[in-house]
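[1] sequence? don't have it. structure:
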């Protein structure tokens, strides 16, 4: 069985390298690139006249400034974001070494993920044994939620790394507190814990929920040494003072907390909270990024199935009196979720279910640890069959996700750009995730202009162009976004009117060459591409 577990761990590693550039950068990933270059301040919303798409290229490349000035620009760009700076600073230095290609950008998250798989083994071995560590490591290697974020240029995989490191150090410190002291080991675990907690907060603020849960674990297992843990947490927070005094205060001023408001009324709000809780567990333990292809009923079914699995694991371990590992896993996985759930209810916010489970990514190691303990310690004859079923299910979900749900939207559009003449792109979205990806993926050696406006303004601004201006282009490509993000049509009627106006003008003055629907992994990457040839270039 150990050989099979090694095989699945190796397979999870190999698949990461195979799929590293299988998908285009997603909406949020291109925003990450704009932040880490230190050039975010150069971005401006497209005007109401055509402009060269090349104007946005400097935003996606490193600043020519010296390193210190560039770092300051990165930090200033983060002030308008709700996230801490550590991941973006690390990615900035990584960008300087390896460049801004898909492979280079995603190689840092991949490195974090591989390190997390190794840390999972160490944590599992500490709580259980060698085989338990392998089970936990294999589950982490192939878990669909973690697998997706391993190839996503965002901070969530780094967060899981820091939480796994902190969890391992914490469990070892608890064990040391109840055994004869080993000074060198004690010092190393202290350093690791303080660094991991500090880095975790510098990576994602809601990790504070995990810290509260860790405090409950300490109270349960090693409260006689409470002052030592208090000192460790205090030292971690002291390292945060520079950012709290300068960056965090400005982020709070710039933050839009209203976007997290729950539905009006107590009952609808409570229902929304429970729905988010159930969906989040299902996404983290089963669906991963494939969640964007599931209906609400499918997401809830996956969540209920995952919750049932967790409850069975808890009952199994409790009946077998495997209390200590059970307490560790519950405190590190389920308790942070419950704290986030209660915090949402008390504040009237909806954060737990925000972002398809990633806002509480810190709970994943604890949840997978609970399943690993139940398999290794709770099961007897069935353990090999159960772990094989789970790992093969995870493998099929990952392969299906990346093989059957490609994201090559802008590559397909790139193939339609006129190879010799000029092209005008007309798009009903001003969202920078759309605009910057156009600049990133479309040929940089060709003349491409962009007219990007809201659906309400686009027909009018297009009609203001003279026929002479239009005929200066070899092609006019209308990109009709299914989800423009900002200023989208509020009703179906508004959308129909916008499309009718666009078709009427374009069909009267240009020649429709082809139509093509392109889709990605979510509606943000769903476009209807309409390629028109100008009359003077038939």
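    Yep, that arrived. Computed from a prediction, not measured in an experiment: that's the story for all the values here.

[2] hmm, residue 402 and residue 23 touching each other?
    Yes: if you go by C-beta atoms under 8 Å, residue 23 and residue 402 touch, sitting 7.1 Å apart. Glycine gets a C-beta too; all of them are placed from N, C-alpha and C.

[3] these two: which has the busier surroundings?
    Per other C-beta atoms under 10 Å, whichever of residue 23 and residue 402 has more neighbours is residue 23, with 24 against 21.

[4] name the SS class of residue 516, please.
    Put simply, residue 516 is strand when judged by DSSP: H, G, I helix; E, B strand; the rest coil.

[5] residues contacting the residue nearest to it when sequence neighbours are not counted?
    Closest residue to residue 516 apart from its sequence neighbours, by C-beta to C-beta, 6 or more residues apart in numbering: residue 529 at 4.6 Å. Neighbouring residues of residue 529 by C-beta atoms under 8 Å, 6 or more residues apart in numbering: 412, 413, 416, 477, 478, 479, 480, 515, 516, 517, 518.

[6] out of those, who's nearest residue 318?
    Comparing the contacts of residue 529 against residue 318 with C-beta to C-beta picks out residue 518 as the nearest, at 51.1 Å.

[7] quick check, pLDDT for the closest one.
    In this model, residue 518 is scored at 94, pLDDT.

[8] now residue 177
    On the pLDDT scale, residue 177 is placed at 61.

[9] what does residue 262 give?
    The model reports residue 262 with a pLDDT of 62.

[10] quick one: which of the contacts of residue 529 is nearest residue 226?
    Comparing the contacts of residue 529 against residue 226 with C-beta to C-beta places residue 518 closest, at 57.3 Å.

[11] show me what the closest one is bridged to.
    residue 527 (DSSP bridges).

[12] worst-scoring helix or strand of the chain, pLDDT-wise?
    Ranked by mean pLDDT, DSSP states H and E, the helix or strand of the chain with the weakest confidence is helix 249-254, at a mean of 79.

[13] what's the following helix or strand after that one?
    helix 266-282 (DSSP states H and E).

[14] follow-up on the earlier one: quick one, phi/psi of the residue nearest to residue 516?
    phi -100, psi 120 (degrees, to the nearest 10).

[15] my read: residue 310 touches residue 281, true?
    Yes: the pair residue 310 / residue 281 is scored as a contact, 7.3 Å apart, by C-beta under 8 Å.

[16] please enumerate the shared neighbours of those two.
    Shared contacts of residue 310 and residue 281, defined by C-beta under 8 Å, 6+ apart, are found at residue 367.

[17] tell me, how many residues neighbour residue 230?
    Neighbourhood size, residue 230 [other C-beta under 10 Å]: 12.

[18] average model confidence for the strand or helix carrying it?
    Per DSSP H and E, residue 230 falls inside helix 226-238. In this model, helix 226-238 has an average pLDDT of 91.

[19] quick check: buried residues in the helix or strand following it?
    Where DSSP H and E defines the elements, the next helix or strand beyond helix 226-238 is helix 241-243. The neighbour-count check on helix 241-243 (16 or more other C-beta atoms under 10 Å) flags residue 243 as buried.

[20] repeat for stretch 346-358
    Neighbour counts over stretch 346-358 (16+ other C-beta under 10 Å) mark 349, 350, 351, 352, 353, 354, 356, 357, 358 as buried.

[21] span of it from start to end?
    Stretch 346-358 has an end-to-end distance of 21 Å (criterion: C-alpha to C-alpha, to the nearest Å).

[22] what of stretch 466-480?
    Where stretch 466-480 starts and where it finishes are 22 Å apart, if you go by C-alpha to C-alpha.

[23] gap between it and the chain center?
    Centroid separation for stretch 466-480 versus its chain: 37 Å, with C-alpha atoms, centre = their mean, to the nearest Å.

[24] who does the helix holding residue 230 touch, helix- and strand-wise?
    Applying 3 or more C-beta pairs under 8 Å, 6 or more residues apart in numbering; DSSP states H and E, we find helix 226-238 packed against helix 183-203, helix 208-222.

[25] understood, closing this out.
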